[in-house]
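Participant: here is a sequence with its predicted model. Questions after.
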Amino acid sequence: MKQVNGYVQEPMATPQSELEQDGVVQQQEYHEQQMNSIATHAGEAQEFSLAIKPKGPPLFKLSALYKSRLKSCIFLHFLLFFVMLAKLSEDILDRMDIFILELEELFIPKPLPFEYLWTGSIIFAIIGLRGLARNRLSSLNSYAAGTVVLGVCPLIGAAIWFYSDVAEYADKKQEAEVEKWQGIPVGLWWYGFVTVAVQVHFYSIYFAYKLIKIWRIKLKRV
C-alpha cells in the first residue's frame, strides 16, 4: 500500500490476480464435489453389503434344531403306538388263543381295520429315526410318505367312520344309541386320539420337510 496526500491507496486488482482467485475457488469446489461423491459411494457400498448379508442361522444349526424337534415328535408317536397296542392287545391275544381274564373283563371294543393300519405307521417311525441318525435323505423321504399313508389317512378314516356317532351323542347326549366304553361313546375316545395323533403327524411331516430341504441344499453344495 502507498500513502498519497495523507490517504492510503490500495493496490488495484489486476486481471492475473482475479484469475488466480477464481482458480482457487474452482479447485475448492472440485475437491468438495469429489469428497461428496466418495461419501455417497461409500454409503451405497455399505448398504449393498448389508443387503447381501445372509440372514438367519446357518444351515447346520437349523438342521440340528429340526432333527431335535422331529425326534420329539417320533417319541410321541411311539407313546401313541403303545396306547393303540394296549387297545389291540385283547384281539391279538385272542388270535393267538391266549385267554387273560382281566382283559376280558374290560370289554374292550373290537378293533376296526384302520386301527391295525395306523399301528403299521410305527415302521416308518423307526425308518425315520434311523434316517436321522445317519443323515439319510432317502429314509426321511420314506418316513414322510409312510406317515401320510399309514398315519394320517387311517385317522381321517376313523374321523369319518365315527362322525355320525359323535354327532348323535352331541345332539341327544345320554339318550343316544351309540357304542360306549367306560360310559363314554367309542367315537369320543377315537376323536380324542385323532386330535392328538393328527397334530403329532402334522408336525412330524413339517419338520421332516424342512430337513429334506436343508439336506438337499447341502448335497448341491458338495
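Facilitator: That came through fine.

Participant: where does this structure dip in pLDDT?
Facilitator: Across the chain, the ranges flagged by pLDDT under 70 are 1-57, 221-222.

Participant: all helices of it, in order?
Facilitator: With DSSP state H, the ranges of helices along the chain come out as 15-52, 59-95, 101-104, 113-119, 122-134, 137-146, 153-161, 163-172, 186-221.

Participant: mind checking which of these is nearest Val178?
Facilitator: helix 163-172 (4.3 Å; CB to CB). In short, each C-beta sits where N, CA and C put it, glycine included.

Participant: buried stuff in the closest one?
Facilitator: 165-166, 168-169 (16 or more other CB atoms under 10 Å).

Participant: packing partners for it?
Facilitator: If you count contacts as 3 or more CB pairs under 8 Å, 6 or more residues apart in numbering; DSSP states H and E, helix 163-172 packs onto strand 184-185, helix 186-221.

Participant: now the ones you listed in a markdown table, with mean neighbour count?
Facilitator: Output for the helices and strands packed on helix 163-172, formatted as a markdown table (neighbours: other CB atoms under 10 Å):
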| stretch | mean neighbour count |
| --- | --- |
| strand 184-185 | 15 |
| helix 186-221 | 16 |
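
Participant: can you say which of those is nearest to Phe75?
Facilitator: That would be helix 186-221 among the helices and strands packed on helix 163-172, by CB to CB, at 9.5 Å.

Participant: before we move on, back to that, farthest pair in the buried residues of helix 163-172?
Facilitator: Using CB to CB, the two most remote members of the buried residues of helix 163-172 are Val166 and Glu168, lying 7.4 Å apart.

Participant: just to revisit the earlier point, which one, of the helices of the chain, ends up nearest to Glu179?
Facilitator: With CB to CB as the measure, helix 186-221 is the member of the helices of the chain nearest Glu179 (4.7 Å).

Participant: could the helices of the chain go into JSON lines alongside distance to Val178?
Facilitator: Shown next, in JSON lines, are the helices of the chain (distance: least, CB to CB, whole Å):
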{"stretch": "helix 15-52", "distance to Val178": "62"}
{"stretch": "helix 59-95", "distance to Val178": "18"}
{"stretch": "helix 101-104", "distance to Val178": "23"}
{"stretch": "helix 113-119", "distance to Val178": "18"}
{"stretch": "helix 122-134", "distance to Val178": "29"}
{"stretch": "helix 137-146", "distance to Val178": "33"}
{"stretch": "helix 153-161", "distance to Val178": "12"}
{"stretch": "helix 163-172", "distance to Val178": "4"}
{"stretch": "helix 186-221", "distance to Val178": "6"}
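
Participant: which one of those helices lies nearest to Lys180?
Facilitator: Of the helices of the chain, nearest to Lys180 by CB to CB is helix 186-221, at 6.6 Å.

Participant: report all helices and strands that the closest one contacts.
Facilitator: helix 59-95, helix 137-146, helix 153-161, helix 163-172.

Participant: number of residues surrounding Phe82?
Facilitator: Close neighbours of Phe82, defined as other CB atoms under 10 Å, add up to 10.

Participant: swap in Arg134?
Facilitator: Neighbours around Arg134, by other CB under 10 Å: 8.

Participant: I appreciate the help and will end here.
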